[in-house]
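> coords please:
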Amino acid sequence: MTESNAMQFVDWVRGAAPYFHAFRGKTFVIAFGGEVAQGEALQDLCNDCNLLAALGVRLVLVHGSRPHIEQELARRGLESVYHKSLRITDRRALEAVKAGMGVTRIEIEACLSQGLPNTPMAGAYMRVTGGNFIVARPIGVVDGIDFQYTGSVRKVIAEEISADLDQQNVVLITPLGVSPAGEIFNLAMEEVAEAVAIALQAEKLIYLCDAPGLLDGQGNLIEAITADEAERKFQEGVGLTEDLDLFLPRAIRAVRNGVARAHLIDRDKDGGLLLEFFTRQGVGTMVTRDPLHRIREANNEDIASLIHLIQPLEADGTLVRRPRELLEKEIERFTLVEHDHVVIGCAALYPFPEESMAEMACLAIQPDYRRAGLGDRLLQHMESRARNAGFSRLFVLTTRTEHWFRERGFVEVAPEELPARKRDLYNFQRRSKVLMKTL
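This is a model prediction of the structure:
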């Protein structure tokens, strides 16, 4: 390993460390179709699940079985019958469903049980459990069509699943449910996963699907979206694949009912789970109840985060150095941008009421988020803050970002136009450009 590669690895581990702490002891419900539960895709998934379990994540896996069920139906000379993307299960088809799901479950259990040397699961022993956790009921007759042994979730026995998770077991759920009368029903994998995640109040519900996630109008991945925004996109119906059409409404309902996050990840992306959870930008679409980014005023508890954010910019000369004592004294002047409760941006507002002016200083956004429009949002917030305080002009001093401010309505003025108190402190050696905007 070269020194460069070694340092990249060290930087990645250090960057991922906060996620290790955040996810330990949290419950993840991972749902995937039968297409994932076969071949190399299954092996890769099990390797990643093994790592998550080793880090203390409580795992519930909900699997589908469509390929195996289709094979069973074909072997028995039966045809698949669907209505509104849901299988109609008569008595003969139910036998094929039970056989197909049994094969899929056994293959998943076998894959999770590996521990050969020189493999990612070396030394691992993942205890896999299951049970009659799902109470089902028949769907009945819809649009004049009797779904027979196709059912829906009536109840999840969450306390029993939690008890297994408390024993550090991986819970594997097959989407079959039993009614109080002892009848067996074929259930939709995506519905079971949603119901289980809600019942457990899981940290994450993850659907592995046939798309990278949700895309915007230009074909770019939407990294994060609120439930309300996702619902509007679903109603538009543009660009939705077969899986997204099924999974997105489930993800929306889950986060509205107590699940912290729902994720849509490409099932063909090798290491997709790890990249989504342990890198800042991830590789899929995350659905949240509330916006992931928020702007708020700073307080004394933010000092350490603020120092961590601005130190690199102070080191390269972009920002004037501010010692900790000064930050503590002026913390009420700072406004912060948070991404998922992590401080990623800041700006400060200094008033000069005699001239009806205010200075915006120390504007900084972490490099990974500069393309997300957060600088513009923060600038708009600071302009509103200054305007509401009764100031008529806002000015900045900059050596590196003159054009960014010009593009947003600021014009260059001479240092002599600064407020008197600020003019007396102007550093002619630094030669900062003075840019001003009328509010």
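
> residue boundaries of the helices in the stretch 51-200 of the chain?
66-75, 91-112, 158-166, 189-200 (DSSP state H, counting those that start in this stretch).

> Now the element after the longest strand anywhere in the chain, going C-ward?
If you go by DSSP state E, the chain has its longest strand at strand 342-352. Next helix or strand after strand 342-352 toward the C-terminus (DSSP states H and E): strand 357-365.

> Show me what that next one is packed up against.
helix 303-315, strand 342-352, helix 374-388, strand 393-398 (3 or more CB pairs under 8 Å, 6 or more residues apart in numbering; DSSP states H and E). Quick note: C-beta positions are derived from backbone N, CA and C, even for glycine.

> Format the ones you listed as TSV; extra columns: mean neighbour count and mean pLDDT.
Below are the helices and strands packed on strand 357-365 laid out as TSV (neighbours: other CB atoms under 10 Å; pLDDT from 0 to 100):
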stretch	mean neighbour count	mean pLDDT
helix 303-315	15	91
strand 342-352	19	93
helix 374-388	17	91
strand 393-398	21	94
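
> what's the closest non-adjacent residue to the one residue sitting closest to the centre of the chain?
For the chain, the residue sitting closest to the mean C-alpha position, by CA atoms, centre = their mean, is Met286 at 3.5 Å. Counting by CB to CB, 6 or more residues apart in numbering, Met286 lies nearest to Ala224, which is 4.7 Å off, once chain neighbours are set aside.

> Check whether the one you found really touches Arg289, as I assumed.
No: applying CB atoms under 8 Å, one finds Ala224 not in contact with Arg289, separated by 11.7 Å.

> Between these two, point out the one with more neighbours.
Ala224 (22 against 17; other CB atoms under 10 Å).

> need the contact list for the more buried one.
Thr285, Met286, Val287, Thr288, Leu292 (CB atoms under 8 Å, 6 or more residues apart in numbering).

> who wins for neighbours among those?
Val287 (31 neighbours).

> In which helix or strand does that one reside?
strand 285-288.

> now for that strand, which elements pack on it?
strand 224-226, helix 227-236, helix 242-256, strand 261-266.

> Out of those, which gets nearest to Val10?
When the helices and strands packed on strand 285-288 are compared by CB to CB, strand 261-266 sits nearest Val10, at 26.2 Å.

> which sections of the stretch 51-200 of the chain are below the confidence cut-off?
116-119 (pLDDT under 70).

> For the helix or strand harbouring Leu327, buried residues please.
Remark: Leu327 resides in helix 324-330, with elements defined by DSSP H and E. Under the neighbour-count criterion of 16 or more other CB atoms under 10 Å, helix 324-330 has Leu327 buried.

> after that helix, next one along is what?
strand 334-339.

> Just flag the most distant two among the contacts of Ala224.
Every pair of those checked by CB to CB; the farthest is Thr285 and Leu292, at 11.4 Å.

> Surely Gly177 is in contact with Val153?
Yes: with contact defined as CB under 8 Å, Gly177 reaches Val153; the gap is 6.5 Å.

> out of these two, which sits in the more crowded spot?
Neighbours were counted for Gly177 and for Val153 using other CB under 10 Å; Gly177 has more, 26 against 22.

> Tell me which residues of stretch 132-139 come out buried.
For stretch 132-139, using 16+ other CB under 10 Å, the buried residues are Phe133, Ile134, Val135, Ala136, Arg137, Pro138, Ile139.

> Out of the residues you listed, which sit inside strands?
Those of the buried residues of stretch 132-139 lying in strands (DSSP E): Ile134, Val135, Ala136, Arg137, Pro138.

> didn't the third one look like it was pressed against Gly177?
What that stands for is Ala136. Yes: taking CB under 8 Å as the definition, Ala136 is a contact partner of Gly177 at 2.6 Å.

> got any residues that touch both of these two?
Common neighbours of Ala136 and Gly177 (CB under 8 Å, 6+ apart) are Gly151, Val153, Arg154, Ile184, Phe185, Leu187.

> count of residues packed around the third one?
Which is Arg154. Quick note: Arg154 (other CB under 10 Å) scores 16 neighbours.

> ok, now how distant is it from Val141?
17 Å (CB to CB, to the nearest Å).

> just the second one next, same as before
In this structure, Val153 lies at 19 Å from Val141, with CB to CB as the measure.

> again, but for the fourth one
Going from Ile184 to Val141 by CB to CB gives 19 Å.

> the more surrounded of those two?
Ile184 (16 against 10).

> who's that one bridged to?
Val178 (DSSP bridges).

> domain assignment for this protein?
With automatic domain parsing as the criterion, the domains of the chain are listed as 3-288, 293-438.

> Pick the most buried one from these.
Mean neighbour count, computed with mean count of other CB atoms under 10 Å, is highest for domain 3-288 among the domains of the chain, reaching a mean of 18.

> That one: how far from the chain's middle?
On the basis of CA atoms, centre = their mean, to the nearest Å, domain 3-288 sits 15 Å off its chain's mean C-alpha point.

> Any idea how far apart the tips of it sit?
39 Å (CA to CA, to the nearest Å).

> nearest to Arg333, of the shared contacts of Ala136 and Gly177?
Nearest member of these to Arg333, counting by CB to CB, is Val153, at 52.1 Å.

> nearest spatial neighbour of the closest one, skipping sequence neighbours?
Per CB to CB, 6+ apart, closest to Val153 is Ala195, 4.3 Å.
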